[in-house]
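A.B. asks: coordinates for the following, if possible.
(chains A and B)
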Amino acid sequence: MSTETRGARRAQPEPAAPDPAHGRKGRAARSDRARAEARLGWYLAGPAFVVMLAVTLYPILQAVYDSLFNYKLTAPDDRSFVGLGNYLVILSDPVWWRDFAVTFFIMVVSVVVELVLGFALALVMHRAIKRLRGLLRTAILVPYGIITVVSAFAWFYAFDITSGYVNSWFDWVPGVGPDLNWFAHQGTSLFVIIASEVWKTTPFISLLLLAGLAQVPGDLEEAAKVDGATAWQRFSRVIVPNMKAAIMVAVLFRALDAFRIFDNVFIMTNGANNTEVLSLLAYRTSIGQLQIGMGSAISVLLFLCVIGICFVAIKLFKVDLAGARGER
Amino acid sequence: MMGSVLSTRARVWWAVITVVVLVGALFPVVSILMTSFKGPSDINSGTFLPPQWSTDNYEQILSSGGSAQELFLSALRNSVGISLIATAIAVVLATLAAYAIARLDFPGKRLILTTALGVSIFPVVSIVTPLFNLWRNIGLYDTWLGLIIPYLSLTLPISIWTLAAFFRQIPWELEQAAQVDGATPWQAFRKVIVPLAAPGVFTTALIAFFIAWNDFIYGISLTSTSAARPVPAALAFFTGASYFEEPTGAISAAAVVVTIPVVILVVLFQRQIVSGLTQGAVKG
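C.D. replies: This is a model prediction of the structure:
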């Protein structure tokens, strides 16, 4: 915005300055100041910018380079250039597609569940009287602050067939009984993994939605109420349309986060029984089996998936990331 | 809004809602807390409450001579040290950057914010493979520095975003006003701006610390011994008192110990954390 006005100002002739020397001096002073400001800006923000690039851009470029080689740390001297060979191997391997499907499934289910729960929580916090608000916020921040690995162990031990109590508590549910080993089947494992993911991250999405709720004009809702709109009508016709941007951003952020899921899967099943996710596949290949070339290729593909999700969200759903996070 | 004139029905509803939220939010924490008090013979009791309360597990990880004491305490030291340093560096760099973004007009402002956003959605596992290889070659593998550097990719972006949002709301005119009233520039900065900016910086540090404290992938990939292995990674590699014993009890006790500071911080600073996470959009 400010650059626009400056541009417009410069484009205008300066009839008020008949003395050309005077006019030039004024302009020079202004641009000197702008230049000094720009220099100071980059002095202050530069280090943070450089560090961010150094810790992400450099490694990903290195990964792109490594992914073009057949390179294993178990036989470092046999390094050979294979071009896109690693990518072809991965993309024609059913393991990649199985892990992709599992990751995608976890992402979609947990985001949908979290959106519903998160909205309910946000409404509760939004409406709660002052006295309850602090208590509710404290309670939901506990899952947010807790270490993901700790949450994974808590859920694991509760469901585990030897140490858990879930089987005896819920034996009235069809299919649940003392012999149910939750972590021996794909479906039940994914259920617990998603449950722990939802528990841990719903607070985050609900806080983003709470921020969106605060932006819905209160008088609009009041007016709808006076006009006789039911609670559901007020919610679906007034509240949701007015915070669409916040909802989209919350969903995109959580989707990207869920797509990178690693910790709970590693702790609970370590990928057994077809529960492996893409991050785990990348970890297992490069850190576990020391196949740096192949692992790098998976890393790059994972990175491209994240960019793809962003692209779809921004182009198709018109998510304005910067705008909704307060940057205009 | 409604003050104290809540109808009985509304009161009951709010009581029910509060209980549901509290149980939902805290149940898994209580669950692992109960597991941590089960002695070796009760671990597989299949009950929620320990049949017999025992502090065996805590002795195992905390008392000298405990089988997992060395492992746990060194991991705790690593986690606290590495997370604090990574947080401090990120907050200092982010404070400078956010000050520039909030107060100065310079080309590239948007680029910096966009980069921060891009880095924050970056899959950690994509960075870990090249770092693993590089760290081994240059000797940063299994060192504190070897974790602090990649932790900046987690802590720096969110710090920049949060602080820029906080700093935008500071009424910077007050600084000039103070100077007009006769304060020196330094006095104006110290007495007016620092008190206004400090809560934002503190909140940002808290959120960044939570994120560094939570890391798992870097922790298991870039360390191999207790020299630098942080708590979440150490938990995954805990072993029982004997080879054949499941480390369930020790892990639960360690999990509880590292969760206590989180709960304390959340109880003390819930208001600040919420406003930080919602980028200052929510007041009150």
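A.B. asks: tell me which residue of the stretch 1-150 of chain A lies closest to chain B.
C.D. replies: Relative to chain B, the nearest point of the stretch 1-150 of chain A is A:Gly41 (3.1 Å; CB to the nearest CB). No exception for glycine: its C-beta is placed from N, CA and C like everyone else's.
A.B. asks: can you tell me the element that residue falls in?
C.D. replies: helix A:20-66 (DSSP states H and E).
A.B. asks: gap between the residue positioned nearest the centre of chain B and A:Thr148?
C.D. replies: Here the mean C-alpha position of chain B is nearest to the C-alpha of B:Phe210 (CA atoms, centre = their mean), at a distance of 0.6 Å. B:Phe210 sits 11 Å away from A:Thr148, going by CB to CB, to the nearest Å.
A.B. asks: do A:Asp93 as well
C.D. replies: Taking CB to CB, one finds A:Asp93 at 28 Å from A:Thr148.
A.B. asks: neighbour-wise, which of the two wins?
C.D. replies: A:Thr148 (22 against 12; other CB atoms under 10 Å in any protein chain shown).
A.B. asks: residues touching that one, list them.
C.D. replies: Neighbouring residues of A:Thr148 by CB atoms under 8 Å, 6 or more residues apart in numbering or on different chains: A:200, A:263-264, B:214, B:216, B:232.
A.B. asks: setting the sequence-adjacent residues aside, check what's closest to it.
C.D. replies: Of all residues not flanking A:Thr148 in the chain, A:Asp263 sits nearest, at 4.1 Å (CB to CB, 6 or more residues apart in numbering or on different chains).
A.B. asks: I figured B:Ile121 hits A:Leu256, correct?
C.D. replies: Yes - in this structure B:Ile121 lies within contact range of A:Leu256 using CB atoms under 8 Å: 4.8 Å.
A.B. asks: which residues are in contact with both of these two?
C.D. replies: A:306, A:310.
A.B. asks: how about the residues of the stretch 201-328 of chain A by chain B?
C.D. replies: Residues of the stretch 201-328 of chain A lying close to chain B (CB under 8 Å from any CB of the partner chain) are A:203-204, A:207-208, A:210-211, A:214-215, A:253, A:256, A:259-260, A:262-263, A:266-267, A:279, A:282-283, A:286-287, A:292, A:295-296, A:299-300, A:302-303, A:306, A:310, A:321-322, A:325-327.
A.B. asks: tell me the domain boundaries of chain A?
C.D. replies: As assigned by automatic domain parsing, chain A contains the domains A:2-66, A:87-324.
A.B. asks: which of those has the lowest mean pLDDT?
C.D. replies: Lowest mean pLDDT of those: domain A:2-66, a mean of 70.
A.B. asks: quick one: B:Phe122 is in a helix?
C.D. replies: No - looking at B:Phe122 with DSSP: H, G, I helix; E, B strand; the rest coil, it is coil, so not inside a helix.
A.B. asks: quick one: it and B:Ile89, what's the gap?
C.D. replies: When B:Phe122 is compared with B:Ile89 (using CB to CB), they lie 18 Å apart.
A.B. asks: which of these two has more neighbours?
C.D. replies: It is B:Phe122, of B:Phe122 and B:Ile89, that has more neighbours when counted by other CB under 10 Å, with 24 against 21.
A.B. asks: which residue is the nearest non-sequential neighbour of that one?
C.D. replies: In space, B:Phe122 is closest to A:Thr56, 5.3 Å off (CB to CB, 6+ apart).
A.B. asks: who's in contact with the one you found?
C.D. replies: B:118-119, B:122, B:127, B:153.
A.B. asks: hmm, 10 Å instead?
C.D. replies: Applying CB atoms under 10 Å, 6 or more residues apart in numbering or on different chains to A:Thr56 gives the contacts A:303, B:115, B:118-120, B:122, B:124, B:126-127, B:150, B:152-153, B:156-157.
A.B. asks: in terms of helices and strands, where is the closest residue to A:Asp66 other than its chain neighbours?
C.D. replies: Nearest residue to A:Asp66, sequence neighbours excluded (CB to CB, 6+ apart): A:Ser296, at 3.9 Å. Following DSSP H and E, one finds A:Ser296 within helix A:292-316.
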